[in-house]
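I would like to see how this sequence folds:
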Amino acid sequence: MEQRMAGWGSGLLGVMIFSGSLPATRVAVADFSPTFLTSARAVIAALLGALLLAALRQPRPDRRDLGPLMIVSLGVIVGFPLLTALALQHVTAGHSMVFIGLLPLATALFGVIRGGERPNRVFWLFSTLGAATIAGFALSQSDGGSLSGDLLIVAAVLACGLGYAEGAVLSRRLGGWQVICWALVLSLPAMAALALVTRPESWGGISAPGWISLGYVAVFSMLLGCFFWYRGLARGGIAGVSQLQFLQPFFGLGLAALVLGESIAWPMIACALAVVLCVAGAKRFT
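Have a look, this model is predicted:
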């Protein structure tokens with residue numbers, strides 16, 4: 001019981017850290033291109049992760065683990081950051097937070113695919129209701145949203161869900177924080193080359209909030225948040241701890257209003273609540 005409670009606490013810290021990712025990304029894309037932001041945050045986090053792995057003398061992963069680690073890299077390190085950065089050029093952070101409410105469902109769906117589970121019909125009922133709610137919200141909102149931005153956010157959620165599901169299984173063998181560190185190290189050569197090619201022409205025009213936001217998404221979102229999240233999944237159980245993601249839209253909406261001054265209309269809050277309820281129901285009957 002003590003270990004499971006520690007897992008839930010660790011998972012909650014991870015979710016709270018992740019909740020600042022989209023508002024920080026929204027600020028950062030005003031100064032950096034989405035491609036540079038994605039690659040730079042990965043490079044910073046990878047260098048820190050490599051130092052940590054070396055300092056603690058962690059054994060290298062087995063050859064059988066390289067494939068799953070690459071999936072984690074493509075989903076969590078490349079796919080989600082890049083797609084959300086692109087999306088946040090078209091939509092507000094508050095708007096995108098509603099779609100992030102589908103992340104637990106995406107993780108569960110990929111867990112079904114990877115684990116061969118067979119959810120009952122009630123699961124698919126909640127899944128359909130959640131998708132319909134999101135579709136209705138996207139069609140009804142013209143302020144702060146766009147079709148291209150919405151599609152990019154959905155793609156980001158799918159990529160991240162796959163990375164989370166793969167990393168959760170892998171964390172049982174390698175350990176929670178080791179998974180994200182090794183995934184970052186594997187992506188370092190490609191991300192470093194991409195950062196070099198897409199670097200800003202001039203560094204003088206980058207604002208202080210831009211630098212701070214880059215630091216946040218690199219050190220906190222990409223590294224420390226994943227430390228707590230994968231540790232929570234490993235210690236508290238994947239099915240239980242993943243439900244903490246239901247709180248992420250509410251944390252994120254609050255941060256978007258507090259930090260960015262974005263207006264959060266009641267339909268957005270109502271939709272976020274509806275999505276959370278649908279995902280919770282789907283998870284309940286997985």
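
state the distance from the residue of the chain positioned farthest from its centre to residue 103.
Residue farthest from the centre of the chain, counting by C-alpha atoms, centre = their mean, is residue 204 at 30.1 Å. Distance, residue 204 to residue 103, using C-beta to C-beta, to the nearest Å: 37 Å. Placement of C-beta: from N, CA and C, glycine included.

now do residue 55: how many residues are near it, please.
Residues contacting residue 55 under the criterion other C-beta atoms under 10 Å number 8.

oops, could you answer that again for residue 197 instead?
By the criterion of other C-beta under 10 Å, residue 197 has 10 neighbours.

same check on residue 107?
There are 26 residues near residue 107, going by other C-beta under 10 Å.

also residue 193?
By other C-beta under 10 Å, the residues close to residue 193 number 12.

per-residue confidence at it?
Confidence at residue 193, expressed as pLDDT, is 97.

now swap in residue 179 and tell me
Residue 179 carries a pLDDT value of 92.

look up how far residue 168 lies from it.
Residue 179 sits 9 Å away from residue 168, taking C-beta to C-beta as the criterion.

overlap in contacts, those two.
Common contacts of residue 179 and residue 168, defined by C-beta atoms under 8 Å, 6 or more residues apart in numbering, comprise residue 230.

packing partners of the host helix or strand of residue 36?
With secondary structure defined by DSSP states H and E, residue 36 is part of helix 34-55. Applying 3 or more C-beta pairs under 8 Å, 6 or more residues apart in numbering; DSSP states H and E, one finds that helix 34-55 contacts helix 80-87, helix 176-197, helix 208-215.

quick one: buried residues of it?
Using 16 or more other C-beta atoms under 10 Å as the test for burial, helix 34-55 gives 34, 36-46, 48-49, 53.

which stretch of helix or strand covers residue 249?
Going by DSSP H and E, residue 249 is in helix 248-259.

touching whichever helix or strand comes after that helix from outside, list them.
Of the helices and strands lying after helix 248-259 in sequence (DSSP H and E), the nearest is helix 266-284. Residues outside helix 266-284 that contact it (C-beta under 8 Å, 6+ apart): 94-95, 97-98, 101-102, 104-105, 108, 119, 122-123, 125-127, 129-130, 133-134, 136-137, 140-141, 239, 242-243, 246, 249-250, 253.

report the contact partners of residue 22.
By C-beta under 8 Å, 6+ apart, the residues touching residue 22 are 84, 88, 93, 96, 97, 100, 252, 256.

next one: residue 24
Shown in contact with residue 24 (C-beta under 8 Å, 6+ apart): 213, 216, 217, 221.

repeat for residue 162
Neighbours of residue 162 in contact, by C-beta under 8 Å, 6+ apart: 71, 75, 106, 110.

distance of it relative to residue 24?
Using C-beta to C-beta, residue 162 is found at 23 Å from residue 24.

grab the nearest non-local neighbour of residue 114.
Among residues not flanking residue 114 along the chain, residue 165 sits closest, at 5.7 Å (C-beta to C-beta, 6 or more residues apart in numbering).

got it, and residue 241?
residue 11 (4.0 Å).

over to residue 205?
Leaving aside its chain neighbours, residue 205 sits nearest to residue 31 (7.6 Å; criterion: C-beta to C-beta, 6+ apart).

how about that neighbour, secondary structure?
coil (DSSP: H, G, I helix; E, B strand; the rest coil).

what is the burial count for it?
Neighbours of residue 31 under the rule other C-beta under 10 Å: 19.
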